[in-house]
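J.: below are the sequence and a predicted model; questions follow.
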Amino acid sequence: MTLRWIFAALVPLLLVACGPRKPGPHPGETIFWRITSSDAQPSGCTDDPSFTSQIKPIAVDANTYLIYRVDGQGKSATALDCTTFDTSSCQPSSSGVVYDIAGHELLFATEAKTPIDKSTCQLQSAETWDLTDQGTTLAITISDVLALVDDATACDKLETQVKAQSPNGLGLQGCMVNYTLGATIE
């Protein structure tokens, strides 16, 4: 038997034994997901062009990655910034994002307020991230739910004004923008 024949016979057996990567985050692993698609869809929102023109898919190119390291217990994952595909080049992301792991999903939530010009009302965004690890692909849903907060009188006035200018008669209260992204493992 030649070495070439032994190698040719063993490789298919190893591939069958190892198989494709199993779905779900695994303790201690660092994953590089290349983002392959991006879309954005508003729901229950004003269709005023001054608002809808701001809703765009998250920009991606051939070098857009989502990278994280799963902790040793498989309960959380820390977002990383890396300069190369060598994990020693990675540092925790400046975003400070840490995902909670539930089964095959990685979850993250945050809130932010944005001042509205010349108003005591602010636009609040409650954002949730849901990443579903399917083994060799990752489905990402980022949902932003909007609310007008801090000064009920000013917010009601603003909501009435937005609805009056909106062709569909909707405003900003309860508006949801869903971003969906797809990714493949690298």
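T.: The structure has been received and is ready for your questions.
J.: which SSE is immediately downstream of whatever helix or strand Lys157 lives in?
T.: In the assignment (DSSP states H and E), Lys157 maps to helix 152-165. Sequence-wise, the next helix or strand downstream of helix 152-165 (DSSP H and E) is strand 176-185.
J.: what's that following strand in contact with?
T.: 21, 31-45, 55, 57-58, 60, 66, 135-146 (CB atoms under 8 Å, 6 or more residues apart in numbering). C-beta coordinates here come from the backbone N, C-alpha and C atoms, glycine included.
J.: tell me which residues of that strand are tucked away?
T.: Within strand 176-185, the residues scored as buried using 16 or more other CB atoms under 10 Å are Val177, Tyr179, Thr180, Leu181, Gly182, Ala183.
J.: tell me how far it is from the chain's mean position?
T.: 6 Å (CA atoms, centre = their mean, to the nearest Å).
J.: how confident was the prediction at Asp71?
T.: pLDDT, Asp71: 97.
J.: need the contact list for it.
T.: By CB under 8 Å, 6+ apart, the neighbours of Asp71 are Pro27, Gly28, Ala77, Thr78.
J.: please identify the helix or strand for the first one.
T.: This points to Pro27. Using DSSP H and E, no helix or strand contains Pro27.
J.: which non-adjacent residue is nearest Asp47?
T.: Asn168 (4.5 Å; CB to CB, 6 or more residues apart in numbering).
J.: hmm, back to that, can you say which of the contacts of Asp71 are buried?
T.: Using 16+ other CB under 10 Å, the buried ones in the contacts of Asp71 are Ala77, Thr78.
J.: which of the contacts of Asp71 sits closest to Ala126?
T.: Nearest to Ala126 out of the contacts of Asp71 is Ala77 (CB to CB; 21.3 Å).
J.: phi and psi next, for that closest one.
T.: phi -140, psi 140 (degrees, to the nearest 10).
J.: do Leu170 as well
T.: phi -100, psi 160.
J.: surely it meets Asp47?
T.: Yes. Between Leu170 and Asp47 there is a contact at 7.1 Å, judged by CB atoms under 8 Å.
J.: quick check on the contacts of strand 176-185: which are buried?
T.: Here, 16+ other CB under 10 Å leaves 31-35, 38, 40, 42, 45, 60, 66, 138, 140, 142-146 buried among those.
J.: returning to what we had before: pull the number of nearby residues for the residue nearest to Asp47.
T.: Residue neighbour count, defined by other CB atoms under 10 Å, stands at 11 for Asn168.
J.: ok, back up a step: go through the buried residues of strand 176-185 and name the one nearest Ala154.
T.: Val177 (22.8 Å).
J.: bridged to the closest one, which residues?
T.: In this entry, Val177 is beta-bridged to Pro42, Asp144, by DSSP bridges.
J.: begin at 11, not 1, for the rest of this chat.
T.: Noted, 11 is the first residue going forward, which turns the last one into Val187.
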